[in-house]
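Student: Attaching a predicted model along with its sequence, questions to come.
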Amino acid sequence: MASRWNDDPVVITVAPTGAEVTREQNPAVPYTPEEIARSTAAAAARGAAVVHLHAREEDGGPSGNPDHFVDIVGRLERSTEMITMVSTGGAVGMSVEERVAGLRASPDLSGVESGSLNFGEDPFITAPATARAIIDRADSSGIGLEVEAFDVAHVLSAVRWLEDGILRPPLRVNLVFGVPGGIDPSPEGLAAMLRPLPPDSFWTVTCVGREHFRMLGLALLWGAPGIRTGLEDVIYLSKGVLADSNAALVGAAAELARSVGRTLASPTEARSLLGLPGRMTAGPSGDDA
Ligand code: KMH
Ligand code: ZN
């Protein structure tokens with residue numbers, strides 16, 4: 001019988017900063033564009049092929065300033081081969097204009113929420129019309145899309161949008177576990193999120209909080225095309241040990257992948273696995289990240 005293990009190299013995404021985690025919780029959280037780019041480039045050297053980006057103000061508050069995204073993406077394009085992705089989830093309470101600020105940086109990919117949920121104590125709302133406007137905007141700029149799904153209904157919406165031609169194939173979905181208000185991190189949760197997906201979807205697993213590495217391990221064994229780590233998702237390397245960098249978290253995720261027989265996708269391999277065109281520019285030429 002043919003092997004059903006996924007022998008494709010796994011694509012590691014690093015989420016270096018997010019919108020919620022602060023330096024009071026972990027001093028390694030990068031804030032300025034230069035810090036974010038530097039921390040991300042170091043994570044790329046440990047095996048991250050994709051970066052999921054948020055921007056911050058200097059005081060650490062979440063930022064909807066397009067200039068910050070342009071600065072970060074520019075630095076990364078000059079210093080790495082990474083695939084750049086901007087969040088359009090932003091932070092709870094941001095306006096839609098603030099949430100789409102990153103599209104101005106012409107990244108390779110944009111995230112898009114396919115539904116709403118309670119994000120801890122706060123409602124995190126993405127109406128269908130808002131999501132469709134984000135999809136149109138990304139599409140018309142030649143930016144690919146990755147759906148951010150926090151529960152089963154979000155996956156179902158993404159599949160419906162694919163069937164209706166609102167999203168173009170290939171379907172890329174980040175399955176997010178562990179947000180209070182979203183699906184729980186568990187084998188049953190993963191099975192439920194995977195059930196609606198067409199077989200040729202590119203899916204990746206993110207898990208916020210304590211079960212982070214356990215869910216990444218489960219995903220790797222289950223054949224996940226991608227996994228995500230970084231200080232947006234987890235501040236500890238292991239119980240009671242703060243991660244001192246995004247690179248350390250990517251290093252740990254890479255080790256986990258290798259320990260279960262998976263190899264790591266280079267940025268070039270990741271482009272092909274994600275169904276993205278090759279890079280237009282010449283690639284890294286400087287060291288200003
Ligand atoms: N900060 C959260 C409210 C995303 O990037 O698309 C939304 C978030 C998800 O982080
Ligand atoms: Zn995010």
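Tutor: In hand now; what should we look at? Ligands and ions are numbered 1, 2, ... in the order given.
Student: So which bits of the chain are right by ligand 1?
Tutor: 18-20, 87, 89, 91-92, 111, 113, 119, 124, 148 (CB under 6 Å from any ligand atom). To be clear about C-beta, it is placed using only N, CA and C from the backbone, and glycine gets the same treatment.
Student: Please list only the buried members of those residues.
Tutor: 18-19, 87, 89, 91-92, 111, 113, 119, 124, 148 (16 or more other CB atoms under 10 Å).
Student: Now, those that are in strands?
Tutor: 111, 113, 119, 124, 148 (DSSP state E).
Student: Show the contacting residues for the last one.
Tutor: By CB atoms under 8 Å, 6 or more residues apart in numbering, residue 148 lies in contact with 87, 89, 111-114, 154, 174, 176.
Student: again, but for the third one
Tutor: By CB under 8 Å, 6+ apart, the contact set of residue 119 is 92, 179-182.
Student: which one of these sits closest to ligand 1?
Tutor: Of all those, ligand 1 sits closest to residue 92, with 4.7 Å by CB to the nearest ligand atom.
Student: Local confidence estimate at the closest residue to the closest one other than its chain neighbours?
Tutor: Nearest in space to residue 92, with sequence neighbours left out and distances taken as CB to CB, 6 or more residues apart in numbering, is residue 122 at 4.2 Å. We have a pLDDT of 98 for residue 122.
Student: what about residue 122, neighbour count?
Tutor: 12 (other CB atoms under 10 Å).
Student: Name the SS class of the residue nearest to residue 6 when sequence neighbours are not counted, please.
Tutor: Distance criterion CB to CB, 6+ apart; nearest residue to residue 6, sequence neighbours excluded, is residue 223 at 3.2 Å. Here residue 223 is coil, with the state taken from DSSP: H, G, I helix; E, B strand; the rest coil.
Student: Please list all residues in contact with residue 166.
Tutor: 132, 135 are the contacts of residue 166 under CB under 8 Å, 6+ apart.
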